[in-house]
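Visitor: Test case, fold it:
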Amino acid sequence: MGKRRAVFLVLILVVSFGVFVRGTYDEGGDEREEEGRREKGGDDWFVLKDGKQVVKTEAGEVKVVKGYYGDKLINDRPMHIGFITMEPRSLFIPQYLDSTLILFIRRGEARVGSIYKDALAEQRLKHGDVYRIEAGSAFYLENIGEGQRLHVICSIDTSESLSWHSFQSFFIGGGTNPKSILSGFDPEILSTAFNVSTDELREIMTSQDSGAIVYISPDSHPPSMWTRFLELDQHEKLAHMKKIASFGKEPSDDEEEVRPSWSFRKLLPSIFRKDKSKDARKSDAKRTTKLDSYNLYDRRPDFRNDYGWSLALDESDYAPLGRSGVGVYLVNLTAGSMMAPHINPTATEYGIVLQGAGTIQIVYPNGTLAINTKVTMGDVFWVPRYFAFCQIASRTGPFEFFGFTTSAHKNHPQFLVGSNSLLHTMRGPELAASFGVSEDRFKKIIDAQREGVILPSASVAPPEMEVRVVDDEVEEKEIIPRLINGIRDDFMGF
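Guide: Numbering: from 1, shown residues only. Prediction:
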């Protein structure tokens, strides 16, 4: 009986080991998995359509396209892409997130206020500016453009979030809609903490019911609490945001030294005070620590020829990117031109079409075509790290796309075709032999293309495509097409 059991155990171990080996190294497994993925998802795997409208008010809206995650091929941090649209003279009310944002001002002008090193840093942002808001940092966003909608594209890095795949908004201000994070505390405890009566507390905690994006223009809407908030001087704004954001925390010695002289009781009378002496304003300015933005359109492209240009922003250009581990890029291709086939060996890329139309081709590691799809303005696509890909502009006009990468280090894309390609760098009898041709024949083929990076390609450019022209008053549904296609319930908050 003992021998039989021992033999049986040995057989189990042998079979288990065979299954283990088969599972960890299957020569044809990757190919079958990729073919299966193509059959199931096709273009849907690389063109991201899993989006949701997470904020909707009369004054604006926020839509989020969920990035790809959960596949064993992908080790990069999860990233979502957000689209913020705000009407003229509107405010995205003070809040903080469990995720870091990189903002890109697509259209309009904005003012962003955020807490940085215990000071309120206010920064004006214009078309093309990039700005970082750290996870856990309280902030607000105001549309200051005269009669112009504000359009913002942002990356949402959830690597520090409460949940790996989702992100959460914590509203500092609020009332019945949205609720402030203070609403959950017992009223008696809260009134004691602020040293005000429960009636005073109730007035400030139940007035807001207009949603997360509100109007601040007295011309079209009655003055709100947030209209008066924006009229405060900087040290009063700082105190209001810090008081709520740090509620319940023990102050450090440094915080005690710089804590403004302010109480919640002073908020109601102070929000009606519009003027202050020049000396006091100068004093407020000294309290502010400036957080700089970076404008993509103000710098020279890293590469330019007759067929287009490209630039990439990394931590050496804009230091805040290094704290997020995120890079930014912008590419503009002339009609019919092509970004040569290449790979990104250091990061996954997320792209958003800003203007025009074109084609994206991505290739699987086994040399089969993963995607060949047309994209137009507002479409979001992604390219996994190491995957070969290229972008081709439509013959009808320029093709401009902007995006984020999952690395803040300087990017060194490896081009597979063109005058600066890997084929030129590695040229020799060994490479020619790997293609099964003579060295002379191989040299003649790779020398035929004299251009590099961005190539002329009218013959393979997609034919006539509908190119949508957008002005400032176009409806958002035309700006961000094909994004809203349902979403799983693992999104929380904004």
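Visitor: neighbours around residue 53, how many?
Guide: By other C-beta atoms under 10 Å, the residues close to residue 53 number 15. For the C-beta atoms, the positions are set from N, CA and C on the backbone; glycine is no exception.
Visitor: At which residues are the strands of the stretch 251-400 of the chain located?
Guide: Counting by DSSP state E, counting those that start in this stretch, the stretch 251-400 of the chain has these strands, from start to end: 294-295, 303-305, 308-313, 327-333, 337-343, 349-355, 357-363, 369-376, 380-383, 388-393, 399-405.
Visitor: And the stretch 51-200 of the chain, by the same measure?
Guide: Ranges of strands within the stretch 51-200 of the chain are 51-57, 60-65, 79-86, 90-97, 100-107, 110-116, 119-125, 129-133, 139-143, 150-157, 169-171, based on DSSP E, counting those that start in this stretch.
Visitor: picking up where we left off before, got the strands of the stretch 251-400 of the chain as JSON lines, with mean neighbour count, distance to residue 81 and mean pLDDT columns?
Guide: Below are the strands of the stretch 251-400 of the chain laid out as JSON lines (neighbours: other C-beta atoms under 10 Å; distance: least, C-beta to C-beta, whole Å; pLDDT from 0 to 100):
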{"stretch": "strand 294-295", "mean neighbour count": "16", "distance to residue 81": "19", "mean pLDDT": "96"}
{"stretch": "strand 303-305", "mean neighbour count": "15", "distance to residue 81": "25", "mean pLDDT": "96"}
{"stretch": "strand 308-313", "mean neighbour count": "20", "distance to residue 81": "17", "mean pLDDT": "96"}
{"stretch": "strand 327-333", "mean neighbour count": "24", "distance to residue 81": "13", "mean pLDDT": "97"}
{"stretch": "strand 337-343", "mean neighbour count": "22", "distance to residue 81": "20", "mean pLDDT": "95"}
{"stretch": "strand 349-355", "mean neighbour count": "22", "distance to residue 81": "6", "mean pLDDT": "96"}
{"stretch": "strand 357-363", "mean neighbour count": "22", "distance to residue 81": "16", "mean pLDDT": "95"}
{"stretch": "strand 369-376", "mean neighbour count": "18", "distance to residue 81": "14", "mean pLDDT": "93"}
{"stretch": "strand 380-383", "mean neighbour count": "24", "distance to residue 81": "5", "mean pLDDT": "94"}
{"stretch": "strand 388-393", "mean neighbour count": "24", "distance to residue 81": "17", "mean pLDDT": "96"}
{"stretch": "strand 399-405", "mean neighbour count": "26", "distance to residue 81": "8", "mean pLDDT": "97"}
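Visitor: between those, which one is nearest to residue 185?
Guide: Taking C-beta to C-beta as the criterion, strand 399-405 is the member of the strands of the stretch 251-400 of the chain that comes nearest to residue 185, at 37.0 Å.
Visitor: which residues of the chain fall in helices?
Guide: The residue ranges that make up the helices of the chain, judged by DSSP state H, are 2-24, 29-40, 187-194, 198-205, 225-230, 234-245, 253-258, 267-270, 278-287, 320-324, 422-425, 429-435, 439-446, 476-479.
Visitor: re the thing from before, put together JSON lines for the strands of the stretch 251-400 of the chain, with distance to residue 139 on each row.
Guide: What follows is the strands of the stretch 251-400 of the chain, written out as JSON lines (distance: least, C-beta to C-beta, whole Å):
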{"stretch": "strand 294-295", "distance to residue 139": "17"}
{"stretch": "strand 303-305", "distance to residue 139": "34"}
{"stretch": "strand 308-313", "distance to residue 139": "21"}
{"stretch": "strand 327-333", "distance to residue 139": "19"}
{"stretch": "strand 337-343", "distance to residue 139": "35"}
{"stretch": "strand 349-355", "distance to residue 139": "22"}
{"stretch": "strand 357-363", "distance to residue 139": "33"}
{"stretch": "strand 369-376", "distance to residue 139": "31"}
{"stretch": "strand 380-383", "distance to residue 139": "24"}
{"stretch": "strand 388-393", "distance to residue 139": "33"}
{"stretch": "strand 399-405", "distance to residue 139": "19"}
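Visitor: Tell me which of these sits nearest to residue 112.
Guide: Among the strands of the stretch 251-400 of the chain, strand 294-295 comes nearest to residue 112, with 13.6 Å by C-beta to C-beta.
Visitor: who wins for proximity to residue 319 among the strands of the stretch 251-400 of the chain?
Guide: Comparing those against residue 319 with C-beta to C-beta, the closest turns out to be strand 294-295 (9.5 Å).
Visitor: Against which helices or strands is the closest one packed?
Guide: Strand 294-295 is packed against strand 129-133, with contacts defined by 3 or more C-beta pairs under 8 Å, 6 or more residues apart in numbering; DSSP states H and E.
Visitor: Next up, the contacts around the nearest residue to residue 322 once chain neighbours are set aside.
Guide: With sequence-adjacent residues excluded and distances taken as C-beta to C-beta, 6 or more residues apart in numbering, residue 322 is closest to residue 315, at 3.3 Å. For residue 315, the residues meeting the contact criterion (C-beta atoms under 8 Å, 6 or more residues apart in numbering) are 321-322, 327, 408-409.
Visitor: Give the buried subset of those residues as a PyMOL selection command.
Guide: With 16 or more other C-beta atoms under 10 Å as the burial test, the buried ones among these are selected in PyMOL as follows:
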select buried, resi 321+327+408
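Visitor: will you turn the contacts of residue 315 into a markdown table that also has distance to residue 189?
Guide: Supplementary listing: those in a markdown table, determined by distance: C-beta to C-beta, whole Å:
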| residue | distance to residue 189 |
| --- | --- |
| 321 | 41 |
| 322 | 41 |
| 327 | 45 |
| 408 | 42 |
| 409 | 47 |
